[in-house]
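Q: sequence first, then the predicted structure, then my questions.
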Amino acid sequence: MSQSLIEYLEDTLDYRPEKVASRTASEHLEQFFVDFRCNGRIHADDLRRMIPNRAGVWSMHPPMLRVYGWVPRHHAMIVVHAALESDTKNDPTLNDRCRDHVLEFIRRHGVTEIVYGDFRNAFPKAT
């Protein structure tokens, strides 16, 4: 996670009392990352490529949040930006701005390790 993402999460989520299934957004995000790291396979509906597909930006969909980043190698994702799910529904341009934030991060830091393609290419079945 990037420092700006950590700051966003601390500033935004630490003060939100809303809960889904008795967990806060922060707790859901932490569990989502644990599941992502520890499970042998993540579900395709929890992770989506953003349009344009050739940009290599993905969004993860834990409850109450959207987190944005890219896949640097198979079965890994670097996240650098986030937004509240409710904000993405209220502002039709927010997802595009979050995608652009990731692309700017990639450009500014000279990132070259990006796995392009669909879900099966980024997260192939283990053999």
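A: Perfect, I can see it now. Residues are numbered from 1 along each chain as shown.

Q: now the helices for this structure?
A: 3-13, 25-38, 85-90, 94-108, 119-122 (DSSP state H).

Q: for the shortest one, buried residues please.
A: Within helix 119-122, the residues that count as buried by 16 or more other CB atoms under 10 Å are 119, 122. Glycine gets a C-beta too; all of them are placed from N, C-alpha and C.

Q: now that helix, how far from the centre of its chain.
A: Helix 119-122 has its C-alpha centroid displaced from the chain centroid by 15 Å (CA atoms, centre = their mean, to the nearest Å).

Q: residues contacting that helix, please?
A: 44, 47, 49, 58, 71, 74-75, 115 (CB atoms under 8 Å, 6 or more residues apart in numbering).

Q: where does pLDDT dip in the chain?
A: 14-15, 40-44, 127 (pLDDT under 70).

Q: contacts only, for T12.
A: Per CB under 8 Å, 6+ apart, neighbours of T12: 82, 84.

Q: from I114, how far out is it?
A: Using CB to CB, to the nearest Å, T12 is found at 27 Å from I114.

Q: and for R23?
A: Distance, R23 to I114, by CB to CB: 32 Å.

Q: now swap in D46 and tell me
A: Distance, D46 to I114, by CB to CB: 20 Å.

Q: what of T24?
A: For T24, the distance to I114 - CB to CB - is 32 Å.

Q: how about R37?
A: Here R37 is placed at a distance of 20 Å from I114 (CB to CB).

Q: the two: which is more packed in?
A: Shown here are R37 and I114; by other CB atoms under 10 Å, I114 has more neighbours (15 against 11).

Q: wouldn't the more buried one be in contact with G69 here?
A: No: using CB atoms under 8 Å, I114 is not in contact with G69; the gap is 10.4 Å.

Q: shared neighbours of the two, anything?
A: Residues touching both I114 and G69 (CB under 8 Å, 6+ apart): there are none.
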